[in-house]
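1. Give me a model of this one.
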Amino acid sequence: MPVELRPDLSEDDVNRYSLEKEAIFRELAMKEIQPVDGLLSLLDTLGELQVPTAIVTNAPRINVDFMLSAAKLEVYFPPSRQVLGDECSHGKPHPEPYLQGLKLLGSSANDTIAFEDSPAGASAAVAAGIKTVGMLTSQSQATMTAVGCTLTAIDFADRTLMEAMFISTD
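-> I've put the predicted structure just below:
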């Protein structure tokens, strides 16, 4: 809860409410977490091709660990392949988390693709010079295109997405 919304709260109260909110999120999400269609196949293919991957997120560490474990994705994104916005000087929509991700991967923006499901995240990736795919899991195509996504996809099994990445769909 931003302090600006409740200036009467102490910093300790704000932190306590924030932790409570995140705990409620994890409790509710536990029953619903599933990888987006096609994600596991894509990650396996990228692994076979020895394409390095990383996760760049604004989620707090406790939620990242929870989500990756619940979705059985921790093998793809160990802590050494994670960039968390709250562990950077600036979180998304600032490009710093993505710039750190590029450094972590030893990659350039021209050789990287970001997959984003939020306008703030997409704005960060675009500002870092990364080709960005807007995932339409919670936002409209118009919203994601407006912030600079070069392509949008409903999920990772989207044929258009695979063809754009030069991955065979046969």
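
2. Please list the residues outside stretch 20-31 that contact it.
-> 1, 60, 62-63, 66-67, 70 (Cβ atoms under 8 Å, 6 or more residues apart in numbering). Bear in mind the C-beta positions are built from the backbone N, C-alpha and C, glycine included.

3. In ChimeraX, select just the buried ones from these.
-> ChimeraX command restricting the contacts of stretch 20-31 to the buried ones, with burial defined by 16 or more other Cβ atoms under 10 Å:
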select :60,63,66,67,70
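
4. Spatially, what comes nearest to F66 if we skip its sequence neighbours?
-> R26 (5.1 Å; Cβ to Cβ, 6 or more residues apart in numbering).

5. Report the separation between the one you found and E96.
-> Applying Cβ to Cβ, to the nearest Å, the value for R26 to E96 is 26 Å.

6. same thing with L28?
-> From L28 to E96 the distance is 30 Å (Cβ to Cβ).

7. Please identify which of the two sits among more neighbours.
-> Counted by other Cβ atoms under 10 Å, L28 and E96 do not tie: E96 has more neighbours, with 18 against 9.

8. just checking, the more buried one touches S89?
-> Yes. Using Cβ atoms under 8 Å, E96 is in contact with S89, at 6.1 Å.

9. Helices - which of the contacts of stretch 20-31 land there?
-> Taking DSSP state H as the definition of helices, the contacts of stretch 20-31 contribute 62-63, 66-67, 70.

10. And the residues you listed, which is closest to S107?
-> Checking these against S107 with Cβ to Cβ, the nearest one is M67 at 23.8 Å.

11. which residues in this protein form helices?
-> Secondary structure of the chain (DSSP H): helices located at 11-29, 39-48, 61-70, 96-105, 119-127, 141-146, 159-164.

12. would you turn those into a markdown table with distance to M135 and mean pLDDT?
-> A markdown table is the format used below for the helices of the chain (distance: least, Cβ to Cβ, whole Å; pLDDT from 0 to 100):
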| stretch | distance to M135 | mean pLDDT |
| --- | --- | --- |
| helix 11-29 | 17 | 80 |
| helix 39-48 | 10 | 94 |
| helix 61-70 | 15 | 89 |
| helix 96-105 | 16 | 97 |
| helix 119-127 | 9 | 98 |
| helix 141-146 | 8 | 98 |
| helix 159-164 | 9 | 83 |
